[in-house]
Every structure is written in structure tokens, then in C-alpha cells.
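Student: Take this sequence and fold it.
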Amino acid sequence: MADSKLRDLSIDFAVKVIKMCDKIKGHYSLVNQLERSSTSIGANIHEANYAHSKADFVAKFQIVLKECYETEYWLELFVKSELLDREIAKDLYNQCGTIRRILIASINTAKENIDVKK
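Tutor: Okay, here's the model as predicted:
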């Protein structure tokens, strides 16, 4: 159930970032970086569903976590560069934070399950 919610959140987040990026003129390399990191979140969550083992699942989710941190960096850079309104960024940053918190909880639970089996 949480996995489905996480997938849905990541897709909704990526769509909002893509639509927001469409409104930014110029700075194509920066926009590309933000689009790549934000859409990678959902793609890697999807890929984690097909992990070969719990350890592989954890590894995939750790990649997703890194993508969340990278996306938060790009959002902050866009705001400080005045390419993005702080209120729009705040909403996106909060959504990314929600995804990040769910990921951390999922990673911790998966790691505990691995340790219990040992």
C-alpha cells in the first residue's frame, strides 16, 4: 500500500516539476538537471519493485533518496537564482520532502527485515 502511495506521489511530483520547468525560459542545462533528477525519483521507485532481493531493493531506494536530495538542491538553486518563485518551490520542496521521509522509513524497515532474517 505504501509503495503504491509512493509511486503516485513520485509521479505527481515529476509532473508538477515538468510543468513548472516548461515555464522557465533559458537556462536549459539547469532545467534539464532538475527534470532529470525529479523524474528519476519515480523511475527508480518503479525499478525497485522488480528488485532481485531485499538488499537490491534497499540499494535502489538509496539511489532514489540521493535523487531526492539532488532535486532539493536544484530547487534551492532555482529560487536563489530567481528563476523560480519561492512559493512554487516551497510546494515542490515539501512534496519532495514527503517522498524523502517515506523513502527513509521504507529503507529502515527493509534493512530491519534483512537483519531479522540473518
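
Student: so where's the longest helix in this structure?
Tutor: Using DSSP state H to assign secondary structure, the helix with the most residues in the chain is helix 86-117.

Student: That one packs against which elements?
Tutor: Packed against helix 86-117, as judged by 3 or more CB pairs under 8 Å, 6 or more residues apart in numbering; DSSP states H and E, are the following elements: helix 2-22, helix 28-48, helix 54-80. Glycine gets a C-beta too; all of them are placed from N, C-alpha and C.

Student: Low-confidence ranges, this structure, go.
Tutor: Low-confidence regions of the chain, defined here as pLDDT under 70, cover residues 1-3, 115-118.

Student: 80 instead, please
Tutor: 1-3, 114-118 (pLDDT under 80).

Student: what's the spacing between Arg36 and Lys111?
Tutor: Going from Arg36 to Lys111 by CB to CB, to the nearest Å gives 28 Å.

Student: Sweet, I'm off.
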